[in-house]
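A.B. asks: Sequence and predicted structure below; questions after.
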Number of protein chains: 2
Amino acid sequence: MQKEEYMKKALIQAAKAAENDEVPIGAVIVNPQTGEIIAEAANAGAHSGDATSHAEISVIRQACAKLKTTRLWDMDMYVTLEPCTMCAAAISFARIRKLYFGAYDEKGGGVVNGVKFYDSPTCHHKPEIEGGICAAECSDILKKFFRSKR
Amino acid sequence: MQKEEYMKKALIQAAKAAENDEVPIGAVIVNPQTGEIIAEAANAGAHSGDATSHAEISVIRQACAKLKTTRLWDMDMYVTLEPCTMCAAAISFARIRKLYFGAYDEKGGGVVNGVKFYDSPTCHHKPEIEGGICAAECSDILKKFFRSKR
(Lines give C-alpha, C1' and ligand atoms only; values in the text may rest on other atoms or scores of the structure.)
Protein backbone atom coordinates (compact mmCIF):
# COMPACT_ATOMS: atom_id res chain seq x y z
CA MET A 1 0.00 0.00 0.00
CA GLN A 2 1.02 3.60 -0.51
CA LYS A 3 1.46 5.99 2.42
CA GLU A 4 -1.87 7.68 1.63
CA GLU A 5 -3.63 4.33 1.97
CA TYR A 6 -2.12 3.76 5.40
CA MET A 7 -3.15 7.27 6.40
CA LYS A 8 -6.73 6.39 5.33
CA LYS A 9 -6.56 3.51 7.81
CA ALA A 10 -5.56 6.00 10.50
CA LEU A 11 -8.48 8.21 9.38
CA ILE A 12 -10.87 5.29 9.90
CA GLN A 13 -9.62 5.14 13.51
CA ALA A 14 -10.10 8.92 13.82
CA ALA A 15 -13.71 8.50 12.68
CA LYS A 16 -14.20 5.81 15.33
CA ALA A 17 -12.93 8.26 17.95
CA ALA A 18 -15.51 10.84 16.80
CA GLU A 19 -18.28 8.22 17.09
CA ASN A 20 -17.24 7.84 20.75
CA ASP A 21 -17.34 11.63 21.22
CA GLU A 22 -13.55 11.76 21.37
CA VAL A 23 -11.33 14.20 19.48
CA PRO A 24 -10.93 12.41 16.12
CA ILE A 25 -7.31 11.35 15.90
CA GLY A 26 -6.21 7.90 14.77
CA ALA A 27 -2.94 6.01 14.38
CA VAL A 28 -1.66 2.80 12.85
CA ILE A 29 1.70 1.03 13.09
CA VAL A 30 2.90 -0.73 9.97
CA ASN A 31 5.75 -3.07 9.13
CA PRO A 32 7.07 -1.43 5.96
CA GLN A 33 8.93 -4.60 4.91
CA THR A 34 5.82 -6.76 4.75
CA GLY A 35 3.13 -4.08 4.50
CA GLU A 36 1.35 -5.63 7.48
CA ILE A 37 -0.66 -3.37 9.78
CA ILE A 38 0.55 -4.34 13.26
CA ALA A 39 -1.82 -2.22 15.35
CA GLU A 40 -4.55 0.43 14.99
CA ALA A 41 -5.90 2.80 17.65
CA ALA A 42 -8.28 5.70 18.11
CA ASN A 43 -7.80 8.57 20.54
CA ALA A 44 -9.62 7.79 23.76
CA GLY A 45 -8.52 10.60 26.05
CA ALA A 46 -11.86 11.74 27.40
CA HIS A 47 -13.82 8.58 28.12
CA SER A 48 -11.22 5.94 28.79
CA GLY A 49 -10.49 7.19 32.29
CA ASP A 50 -6.83 7.52 31.28
CA ALA A 51 -5.25 10.91 30.60
CA THR A 52 -2.47 9.28 28.58
CA SER A 53 -4.58 7.30 26.10
CA HIS A 54 -3.82 9.29 22.98
CA ALA A 55 -3.98 7.28 19.75
CA GLU A 56 -0.19 7.13 19.47
CA ILE A 57 0.32 5.82 23.02
CA SER A 58 -2.41 3.21 22.57
CA VAL A 59 -1.09 2.00 19.23
CA ILE A 60 2.47 1.73 20.63
CA ARG A 61 1.20 -0.31 23.58
CA GLN A 62 -0.70 -2.62 21.26
CA ALA A 63 2.24 -3.08 18.90
CA CYS A 64 4.65 -3.70 21.80
CA ALA A 65 2.28 -6.30 23.24
CA LYS A 66 1.78 -7.99 19.85
CA LEU A 67 5.47 -8.10 18.93
CA LYS A 68 6.58 -8.77 22.54
CA THR A 69 9.14 -5.99 22.50
CA THR A 70 9.49 -2.41 23.64
CA ARG A 71 11.64 -1.55 20.61
CA LEU A 72 9.73 -1.17 17.36
CA TRP A 73 12.92 -0.57 15.34
CA ASP A 74 11.65 -1.42 11.88
CA MET A 75 8.10 -0.16 12.27
CA ASP A 76 6.47 2.97 10.88
CA MET A 77 3.67 5.00 12.45
CA TYR A 78 0.92 6.86 10.60
CA VAL A 79 -1.05 9.35 12.68
CA THR A 80 -3.64 11.86 11.50
CA LEU A 81 -2.31 14.81 13.53
CA GLU A 82 1.20 15.95 14.37
CA PRO A 83 1.96 14.22 17.68
CA CYS A 84 1.93 16.24 20.89
CA THR A 85 5.06 16.43 23.05
CA MET A 86 4.10 13.36 25.12
CA CYS A 87 3.51 11.24 22.04
CA ALA A 88 6.55 12.55 20.15
CA ALA A 89 8.72 11.39 23.06
CA ALA A 90 6.88 8.04 23.31
CA ILE A 91 7.51 7.45 19.58
CA SER A 92 11.20 8.08 20.21
CA PHE A 93 11.30 5.66 23.17
CA ALA A 94 9.56 3.01 21.07
CA ARG A 95 12.26 3.45 18.38
CA ILE A 96 9.75 3.92 15.55
CA ARG A 97 11.66 3.99 12.21
CA LYS A 98 9.55 6.60 10.43
CA LEU A 99 6.71 8.87 11.53
CA TYR A 100 4.14 9.92 8.94
CA PHE A 101 1.60 12.45 10.11
CA GLY A 102 -1.35 14.24 8.53
CA ALA A 103 -2.31 17.71 9.73
CA TYR A 104 0.12 20.07 11.44
CA ASP A 105 -0.67 21.18 15.01
CA GLU A 106 0.64 24.63 15.89
CA LYS A 107 -1.13 24.73 19.27
CA GLY A 108 -0.16 21.35 20.62
CA GLY A 109 2.37 19.67 18.33
CA GLY A 110 5.82 18.70 19.56
CA VAL A 111 7.51 17.52 16.34
CA VAL A 112 7.84 20.50 13.99
CA ASN A 113 5.98 22.86 16.35
CA GLY A 114 6.37 23.62 20.06
CA VAL A 115 9.36 22.00 21.74
CA LYS A 116 10.45 20.14 18.55
CA PHE A 117 11.48 17.26 20.75
CA TYR A 118 13.49 15.37 18.13
CA ASP A 119 15.90 18.31 17.84
CA SER A 120 16.67 18.28 21.58
CA PRO A 121 19.90 16.71 22.92
CA THR A 122 17.63 14.86 25.39
CA CYS A 123 16.13 12.93 22.46
CA HIS A 124 18.10 9.72 21.98
CA HIS A 125 16.31 8.33 18.90
CA LYS A 126 15.01 10.56 16.11
CA PRO A 127 12.63 8.88 13.65
CA GLU A 128 12.45 9.91 10.03
CA ILE A 129 9.57 12.36 9.66
CA GLU A 130 7.10 13.15 6.88
CA GLY A 131 4.18 15.47 7.61
CA GLY A 132 1.23 16.62 5.53
CA ILE A 133 -0.01 13.19 4.32
CA CYS A 134 -3.75 13.60 3.50
CA ALA A 135 -3.48 16.79 5.56
CA ALA A 136 -6.77 18.34 4.39
CA GLU A 137 -8.79 15.25 5.24
CA CYS A 138 -7.05 14.85 8.62
CA SER A 139 -7.71 18.50 9.43
CA ASP A 140 -11.32 18.49 8.19
CA ILE A 141 -12.42 15.66 10.48
CA LEU A 142 -11.10 17.67 13.45
CA LYS A 143 -12.73 20.93 12.33
CA LYS A 144 -16.06 19.18 11.81
CA PHE A 145 -15.87 17.63 15.29
CA PHE A 146 -15.11 20.93 17.04
CA ARG A 147 -17.81 22.78 15.02
CA SER A 148 -20.35 20.22 16.28
CA LYS A 149 -19.29 21.04 19.87
CA ARG A 150 -20.04 24.77 19.70
CA MET B 1 3.19 13.33 56.17
CA GLN B 2 5.98 15.63 55.02
CA LYS B 3 7.15 15.74 51.41
CA GLU B 4 10.28 13.74 52.29
CA GLU B 5 8.08 10.96 53.65
CA TYR B 6 6.10 10.80 50.41
CA MET B 7 9.37 10.73 48.47
CA LYS B 8 10.44 7.75 50.60
CA LYS B 9 7.29 5.99 49.39
CA ALA B 10 8.36 6.72 45.81
CA LEU B 11 11.83 5.37 46.70
CA ILE B 12 10.25 2.11 47.88
CA GLN B 13 8.70 1.81 44.39
CA ALA B 14 12.10 2.57 42.84
CA ALA B 15 13.63 -0.27 44.88
CA LYS B 16 10.88 -2.59 43.59
CA ALA B 17 11.82 -1.63 40.04
CA ALA B 18 15.46 -2.55 40.75
CA GLU B 19 14.35 -5.93 42.10
CA ASN B 20 12.70 -6.51 38.72
CA ASP B 21 15.91 -5.49 36.92
CA GLU B 22 14.30 -2.22 35.83
CA VAL B 23 15.87 1.22 36.10
CA PRO B 24 14.94 2.19 39.69
CA ILE B 25 12.47 5.03 39.41
CA GLY B 26 9.27 5.22 41.43
CA ALA B 27 6.29 7.55 41.70
CA VAL B 28 3.30 8.12 43.96
CA ILE B 29 0.23 10.32 43.60
CA VAL B 30 -1.09 11.92 46.77
CA ASN B 31 -4.18 13.88 47.70
CA PRO B 32 -2.58 16.75 49.65
CA GLN B 33 -5.91 17.67 51.30
CA THR B 34 -6.36 14.29 52.99
CA GLY B 35 -2.80 12.96 52.86
CA GLU B 36 -4.06 9.81 51.16
CA ILE B 37 -1.75 8.00 48.76
CA ILE B 38 -3.94 7.44 45.68
CA ALA B 39 -1.55 5.34 43.59
CA GLU B 40 2.03 4.03 43.58
CA ALA B 41 4.04 2.69 40.66
CA ALA B 42 7.49 1.47 39.73
CA ASN B 43 9.18 1.97 36.38
CA ALA B 44 8.56 -1.08 34.20
CA GLY B 45 9.98 0.00 30.86
CA ALA B 46 12.13 -3.00 30.02
CA HIS B 47 10.08 -6.04 31.00
CA SER B 48 6.49 -4.94 30.74
CA GLY B 49 6.42 -5.15 26.97
CA ASP B 50 5.31 -1.52 26.87
CA ALA B 51 7.69 1.27 25.86
CA THR B 52 5.52 3.85 27.62
CA SER B 53 5.36 2.27 31.08
CA HIS B 54 7.48 4.75 32.97
CA ALA B 55 6.56 5.10 36.66
CA GLU B 56 4.82 8.44 36.06
CA ILE B 57 2.62 7.12 33.22
CA SER B 58 1.69 4.04 35.23
CA VAL B 59 0.84 6.00 38.37
CA ILE B 60 -1.29 8.46 36.37
CA ARG B 61 -3.19 5.58 34.75
CA GLN B 62 -3.81 4.00 38.14
CA ALA B 63 -4.94 7.25 39.74
CA CYS B 64 -7.25 8.05 36.80
CA ALA B 65 -8.78 4.58 37.03
CA LYS B 66 -9.21 4.82 40.81
CA LEU B 67 -10.72 8.31 40.82
CA LYS B 68 -12.66 7.73 37.57
CA THR B 69 -11.38 10.91 35.95
CA THR B 70 -8.70 12.01 33.52
CA ARG B 71 -8.20 15.28 35.42
CA LEU B 72 -6.24 14.96 38.66
CA TRP B 73 -6.68 18.65 39.50
CA ASP B 74 -6.02 18.54 43.24
CA MET B 75 -3.44 15.76 43.26
CA ASP B 76 0.32 15.94 43.73
CA MET B 77 2.94 13.63 42.24
CA TYR B 78 6.20 12.57 43.87
CA VAL B 79 8.74 10.95 41.56
CA THR B 80 12.33 10.00 42.31
CA LEU B 81 13.81 11.42 39.08
CA GLU B 82 13.05 14.54 37.06
CA PRO B 83 10.42 13.39 34.54
CA CYS B 84 11.42 12.86 30.92
CA THR B 85 9.69 14.84 28.17
CA MET B 86 6.98 12.20 27.66
CA CYS B 87 6.13 12.09 31.36
CA ALA B 88 6.36 15.86 31.85
CA ALA B 89 3.71 16.27 29.16
CA ALA B 90 1.57 13.45 30.58
CA ILE B 91 1.67 15.15 34.01
CA SER B 92 0.43 18.34 32.35
CA PHE B 93 -2.42 16.50 30.53
CA ALA B 94 -3.44 14.86 33.82
CA ARG B 95 -3.61 18.34 35.43
CA ILE B 96 -1.43 17.38 38.41
CA ARG B 97 -1.40 20.27 40.93
CA LYS B 98 2.20 20.01 42.06
CA LEU B 99 5.15 17.92 40.92
CA TYR B 100 7.82 17.02 43.47
CA PHE B 101 10.85 15.25 42.10
CA GLY B 102 14.09 13.89 43.57
CA ALA B 103 17.22 13.81 41.42
CA TYR B 104 17.77 16.10 38.44
CA ASP B 105 18.25 14.47 35.01
CA GLU B 106 20.44 16.47 32.64
CA LYS B 107 20.51 13.74 30.00
CA GLY B 108 16.83 12.90 29.79
CA GLY B 109 14.80 15.37 31.86
CA GLY B 110 12.15 17.57 30.29
CA VAL B 111 11.14 19.80 33.23
CA VAL B 112 14.13 21.97 34.17
CA ASN B 113 16.43 20.30 31.63
CA GLY B 114 16.03 19.53 27.91
CA VAL B 115 12.92 20.96 26.29
CA LYS B 116 11.59 22.43 29.59
CA PHE B 117 8.11 21.53 28.41
CA TYR B 118 6.21 23.59 30.98
CA ASP B 119 7.76 26.77 29.59
CA SER B 120 6.50 26.05 26.05
CA PRO B 121 3.40 27.83 24.68
CA THR B 122 2.20 24.32 23.66
CA CYS B 123 1.91 23.44 27.38
CA HIS B 124 -1.62 24.21 28.51
CA HIS B 125 -1.31 23.33 32.22
CA LYS B 126 1.83 23.98 34.23
CA PRO B 127 2.03 22.27 37.61
CA GLU B 128 3.87 23.80 40.52
CA ILE B 129 7.36 22.27 40.63
CA GLU B 130 9.78 21.45 43.44
CA GLY B 131 12.91 19.44 42.61
CA GLY B 132 15.70 18.05 44.76
CA ILE B 133 13.58 16.25 47.41
CA CYS B 134 15.79 13.46 48.89
CA ALA B 135 17.94 14.03 45.79
CA ALA B 136 21.01 12.15 47.06
CA GLU B 137 19.03 9.03 47.91
CA CYS B 138 17.12 9.16 44.61
CA SER B 139 20.37 9.53 42.69
CA ASP B 140 22.26 6.87 44.69
CA ILE B 141 19.76 4.12 43.92
CA LEU B 142 20.21 4.84 40.19
CA LYS B 143 24.01 4.96 40.40
CA LYS B 144 24.09 1.68 42.32
CA PHE B 145 21.85 0.04 39.70
CA PHE B 146 23.96 1.17 36.75
CA ARG B 147 27.21 0.21 38.52
CA SER B 148 25.85 -3.32 38.93
CA LYS B 149 25.26 -3.46 35.16
CA ARG B 150 28.85 -2.76 34.14
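C.D. replies: That came through fine. Numbering: from 1, shown residues only, chains lettered A, B, ... in the order given.

A.B. asks: Buried residues, the strand or helix carrying A:A63. List them.
C.D. replies: Assigned by DSSP states H and E, A:A63 falls within helix A:55-67. Buried residues in helix A:55-67, counted by 16 or more other Cβ atoms under 10 Å in any protein chain shown: A:55-64, A:67. For the C-beta atoms, the positions are set from N, CA and C on the backbone; glycine is no exception.

A.B. asks: could you pick out which of these are near chain B?
C.D. replies: Under the cut-off given by Cβ under 8 Å from any Cβ of the partner chain, chain B has A:57, A:60-61, A:64 from those close to it.

A.B. asks: before we move on, the earlier item: over the following helix or strand past the helix holding A:A63, what's the mean pLDDT, rounded is fine.
C.D. replies: Using DSSP H and E, the helix or strand that follows helix A:55-67 in sequence is strand A:76-81. Strand A:76-81 comes out with an average pLDDT of 98.

A.B. asks: Following the chain past strand A:76-81, name the next helix or strand.
C.D. replies: Next helix or strand after strand A:76-81 toward the C-terminus (DSSP H and E): helix A:85-93.

A.B. asks: coming back round to it: turn the buried residues of helix A:55-67 into CSV, columns for pLDDT.
C.D. replies: Listed next are the buried residues of helix A:55-67 as CSV, based on pLDDT from 0 to 100:
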residue, pLDDT
A:A55, 97
A:E56, 98
A:I57, 96
A:S58, 96
A:V59, 97
A:I60, 96
A:R61, 94
A:Q62, 96
A:A63, 96
A:C64, 94
A:L67, 94
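
A.B. asks: Among the ones next to chain B among the buried residues of helix A:55-67, find me the one that's closest to B:M7.
C.D. replies: Ranked by distance to B:M7 (Cβ to Cβ), those are led by A:I57 at 26.8 Å.

A.B. asks: what residues are up against A:A46?
C.D. replies: Applying Cβ atoms under 8 Å, 6 or more residues apart in numbering or on different chains to A:A46 gives the contacts A:21-23, B:70.

A.B. asks: what mean pLDDT does stretch A:132-150 have?
C.D. replies: 96.

A.B. asks: Please see if it touches chain B.
C.D. replies: No - Stretch A:132-150 lies apart from chain B when judged by Cβ under 8 Å from any Cβ; the minimum separation is 15.5 Å.

A.B. asks: neighbouring contacts of that stretch?
C.D. replies: A:3-4, A:7-8, A:10-11, A:14-15, A:18, A:23-25, A:78, A:80-81, A:100-104.

A.B. asks: and with 7 Å instead?
C.D. replies: Residues outside stretch A:132-150 that contact it (Cβ atoms under 7 Å, 6 or more residues apart in numbering or on different chains): A:3-4, A:7-8, A:11, A:14-15, A:18, A:23-24, A:80-81, A:100-103.
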